[in-house]
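Trainee: Provided below are the primary sequence and the corresponding predicted coordinates.
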Amino acid sequence: MDETVAEFIKRTILKIPMTEMMTILKAWDFLPENQLQTVNFRQRKESLVQDLVLLCENKRASLRDAALLDIIYTQFHRHQKVWDVFQMSKEPGEDVDLFDMEQFKSSFEKILRRALKNVTVSFRDAEENAVWIRIAWGTQYRKPNQYKPVFVVYYSQTPYAFTSFCHLKSNTPLLSQALTVASNHHKIVKMDLRSRYLDSLKAIVFKQYNQLETKFKSDFHGGILAERKEPLRCLIKFSSPHLLEALKSLAPAGIADAPLSPLLTCIPNKGMNYFKIRDK
Amino acid sequence: MEWANDKSKGGVLAHLERLETQMSRSCKNLEDPPRETAESDLGTKIRKLRCLRDKLRAEVKQRQARIKASTANAEPDQTLEISEQEAVGGKEENMKAILQAYRFTGINLFASGLSGKRTSRGVCVCISTAFEGNLLDSYFVDLVIQKPLRIHHHSVPVFIPLEEISAKYLQTNIQHFLFCLCEYLNAYAGRKYQADQLQRDFAAFLAGPLQRNSLCNLLSFTYKVEPQSRSFPFCARLLYKDLTTTLPTDVTITYQGTDASSTSWEEQRASHENLFFTKPLHQVFTSFARNGERLDMSLVS
């Protein structure tokens, strides 16, 4: 096994918290169950990692296997990345989109390789007909840097792609092109939408709402809020799986004055949560 | 989203009467147009509103009777709420759209899986999907009755071409918009059901996972027809170019076994193609399984 690959695997496994070690290794499915059972998971982490890397060496883990482990680690720790959203569009009157995942992957990789000799591209299928893509960028003369990869999450037959923040801005046009062409789109723009939480971004751009209707009734007679001489001063913290929706529904429910600040209401409609405030 | 039940206001009828008084009061304050024209304009408006009020009265009575008959928990005083903006705005088309919307929610469209209820803003339509008598997912579209008509919220999956369908029909023909959306959603649900059934019940016949996409309009898999066989000699590629159907528009079956020269393989391949064109996916495999059993029985006896 290449030294760089061994080092890469070692550093990736070191990042994994002990509580998640077994789960992630099982999801990786590179080291078989019976082999994992021979390892002592109660020893110090450094020693554990050494044992695991040795097993990987014996099994001749490749860069491909290591990249897959990196994807799985990131899937478990997606909140550690900041995600941007790209929106793609087609020409009007296009034919029905017959999206073929294998064609997409092959097309995507081909486009990158045509432009950049040194690039590592890896894929992992995910639920809901989505795919996680990992790209490690190199240059004409340097091998790909495996420690600064970009991740892309794409749900098939949708116009949106979620990408993890990339330091190397110079590769963004190439990435955009690969995404657009491989998914049968024509144009791509970056949205003013950014978050650590993929699920929130999904909820906003896919515009899907669950029809949750709950009526809250409380008996105010004799409660702390009833018949006070002075107003009650307190700090209220709102938290909810759909906080924006909840806030928006306050006005129609007659609990709050309308209209709500447009900064709150425009987030789902315009798909923006990133506002630039400039001097006049 | 509830029936407006504001007893303190006395319901829509009292509301309309208040609007009438408001109109006649405000016409005294009009400066620009000559008093006579202003009066006659408002007079026409008042007449039209009265006519509408009578229509609504009749429909409310009808609706009440129907609801009383069907639901035990019906609130006794069901009334429509029309926002002041819509009524006073004087937009005839708005009122027509409201009535139109109300009419189709009143019509029994349960056969096509459509049902609706009035909301404070307009109508919330629920589309239930089904395939082969199995009730599948439901989706809703919350319409705001405004000019232009718009969709406030919905739970339609992002890969269903809702924008396209809205652009074509929403403003001109709400019913067609809904039927069209219904078609797409039912077809999607049907295709998804077939793919799920195949993966769940016939995994033993497939080599590797079923390749699919969000719309379930491209399916690709390698399969066998004899349960005991160790090889998977057939490759299937099904395309559903018509998103309103649950049967494929293109079927390609290739034989990838070693015995390529034998005519029986070619016959099988051709017959499979025909099967996939005409029968739902899981039914095709049910018949494969049944034939396999028959083969078993003949060997035993």
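Mentor: Perfect, thanks for sending it. Numbering: from 1, shown residues only, chains lettered A, B, ... in the order given.
Trainee: for the chain, which segments count as strands?
Mentor: As the question left the chain open, I've gone with chain A. For chain A, the strands defined by DSSP state E cover A:83-89, A:119-126, A:130-137, A:150-155, A:160-164, A:187-195.
Trainee: um, chain B though
Mentor: Under the criterion DSSP E, chain B carries strands at the ranges B:114-118, B:122-131, B:134-144, B:150-154, B:206-211, B:218-223, B:234-239, B:250-255.
Trainee: what angle do the first one and strand B:122-131 make?
Mentor: In this case it means strand B:114-118. Our comparison of strand B:114-118 with strand B:122-131, counting by axes from the mean of the first three to the mean of the last three C-alpha atoms, to 10 degrees, yields an angle of 160 degrees.
Trainee: so what's residue 210 scoring on pLDDT?
Mentor: Reading this off chain A. Confidence per residue is given as pLDDT, and for A:Asn210 that number is 51.
Trainee: try again with chain B
Mentor: Each residue has a pLDDT score; the one for B:Leu210 is 94.
Trainee: and for it, the neighbour number?
Mentor: Using other C-beta atoms under 10 Å in any protein chain shown, B:Leu210 has 19 neighbouring residues. For every residue, glycine as well, the C-beta is placed using N, CA and C.
Trainee: just A:Arg194 next, same as before
Mentor: As a burial measure, the neighbour count of A:Arg194 was computed by other C-beta under 10 Å and equals 15.
Trainee: contact partners for it?
Mentor: Counting by C-beta atoms under 8 Å, 6 or more residues apart in numbering or on different chains, A:Arg194 touches A:Val82, A:Trp83, A:Asp84, A:Val85, A:Asn273, A:Tyr274.
Trainee: residues in contact with the residue most central in space within chain A?
Mentor: Centrality entry for chain A: nearest residue to the mean C-alpha point is A:Leu198, 4.7 Å, by C-alpha atoms, centre = their mean. The contact partners of A:Leu198, taken as C-beta under 8 Å, 6+ apart, are A:Arg78, A:Trp83, A:Val153, A:Phe162.
Trainee: could you do A:Thr19 as well?
Mentor: Taking C-beta under 8 Å, 6+ apart as the definition, A:Thr19 has no contacts.
Trainee: where does chain B have its least confident helix or strand?
Mentor: Ranked by mean pLDDT, DSSP states H and E, the helix or strand of chain B with the weakest confidence is helix B:84-88, at a mean of 40.
Trainee: ok, chain A next?
Mentor: Among the secondary structure pieces of chain A, namely its helices and strands, helix A:262-270 has the lowest mean (mean pLDDT, DSSP H and E), a mean of 67.
Trainee: returning to that earlier point: possible to save the strands of chain A as a markdown table with distance to B:Arg18?
Mentor: A markdown table is the format used below for the strands of chain A (distance: least, C-beta to C-beta, whole Å):
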| stretch | distance to B:Arg18 |
| --- | --- |
| strand A:83-89 | 47 |
| strand A:119-126 | 57 |
| strand A:130-137 | 54 |
| strand A:150-155 | 51 |
| strand A:160-164 | 48 |
| strand A:187-195 | 45 |
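Trainee: which bits of the stretch 51-200 of chain A sit near chain B?
Mentor: Near chain B, the residues belonging to the stretch 51-200 of chain A are A:95-102, A:128-129, A:155-160 when assessed by C-beta under 8 Å from any C-beta of the partner chain.
Trainee: the residues you listed: which two are farthest apart?
Mentor: Across those, the longest distance by C-beta to C-beta is 23.6 Å; it joins A:Asp95 and A:Glu128.
Trainee: measure A:Asn40 to chain B for me?
Mentor: With distances taken as C-beta to the nearest C-beta, to the nearest Å, A:Asn40 is found 35 Å from chain B.
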